[in-house]
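Trainee: Predicted structure and sequence below. I'll ask about it afterward.
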Amino acid sequence: MAHQQNECDVSKVIPQVNTDNERQNEEYQRKIKRVLHFSDGDLVEYDTNEVHGFKEGVQTELVDPNTLQWLPWIWHQTTWFSFKLLQGCDYVGEALADFFGITSPKYQFAINEYHRQQRILIAESEKEQLQMGGWTVQQGHDLINISQPATKL
């Protein structure tokens, strides 16, 4: 029985390490939109149209549907259609919720009425304090009722 060796000699493999200079070169390959200078450092803003070689709005598919067989192709088309249908329903649902006003809290009218009543009470108490300015109200606790005879203990 012959024994096959499927070993790989990794002693000659040189790992590729990105140095700071290489990272800076990669950053400069993107278009710089503007540089903002602050007291604690600089902020570089890059153009958002092209990031990492991909342009906005262009979506690349991981699977080429033309190379699939029937069953995977049907599954791919079904999931793609379902995803697009879900996105459409989500968009329409948000638009309808905004239109009918069901995005606000259920009892918002009661909360608004409570705050309005509180503002009215505060305004009335401030108005009363201004009118009473300096007047004091005497309590009726020091009155003696003479109509009843005093009892001796």
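Mentor: All right, it came through fine. Numbering: from 1, shown residues only.

Trainee: Could you use CA atoms for every contact and neighbour count after this?
Mentor: OK.

Trainee: Return the helix or strand in this structure with minimum mean pLDDT.
Mentor: Lowest on mean pLDDT, DSSP states H and E among the helices and strands of the chain sits strand 50-51, with a mean of 50.

Trainee: Of all the helix elements in the chain, which one is longest?
Mentor: Secondary structure of the chain per DSSP state H: the longest helix is helix 70-100.

Trainee: quick one: buried residues of that one?
Mentor: For helix 70-100, a neighbour-count test (16 or more other CA atoms under 10 Å) marks Trp73, His76 as buried.

Trainee: following it, which helix or strand shows up next?
Mentor: helix 108-132 (DSSP states H and E).

Trainee: what's the average pLDDT for the longest helix of the chain?
Mentor: Mean pLDDT, helix 70-100: 91.

Trainee: elements contacting that helix?
Mentor: Contact partners of helix 70-100 among helices and strands, from 3 or more CA pairs under 8 Å, 6 or more residues apart in numbering; DSSP states H and E: none.

Trainee: any weak-confidence spans in this protein?
Mentor: The model of the chain has pLDDT under 70 over residues 1-29, 49-61, 134, 136-153.

Trainee: ok, 50 please
Mentor: Scanning the chain for pLDDT under 50 picks out 1-2, 51.

Trainee: in what helix or strand does Arg34 lie?
Mentor: Assigned by DSSP H and E, Arg34 falls in strand 32-38.

Trainee: which outside residues touch that strand?
Mentor: The contact list for strand 32-38 (CA atoms under 8 Å, 6 or more residues apart in numbering) reads Asp42, Leu43, Val44, Glu45, Tyr46, Asp47.

Trainee: which of the residues you listed are buried?
Mentor: Neighbour-count burial (16+ other CA under 10 Å) applied to those gives Tyr46.

Trainee: tell me which of the contacts of strand 32-38 is nearest to Trp70?
Mentor: Asp47 (41.7 Å; CA to CA).

Trainee: dump the residue contacts of that closest one.
Mentor: Going by CA under 8 Å, 6+ apart, Asp47 touches Arg30, Lys31, Ile32, Lys33.
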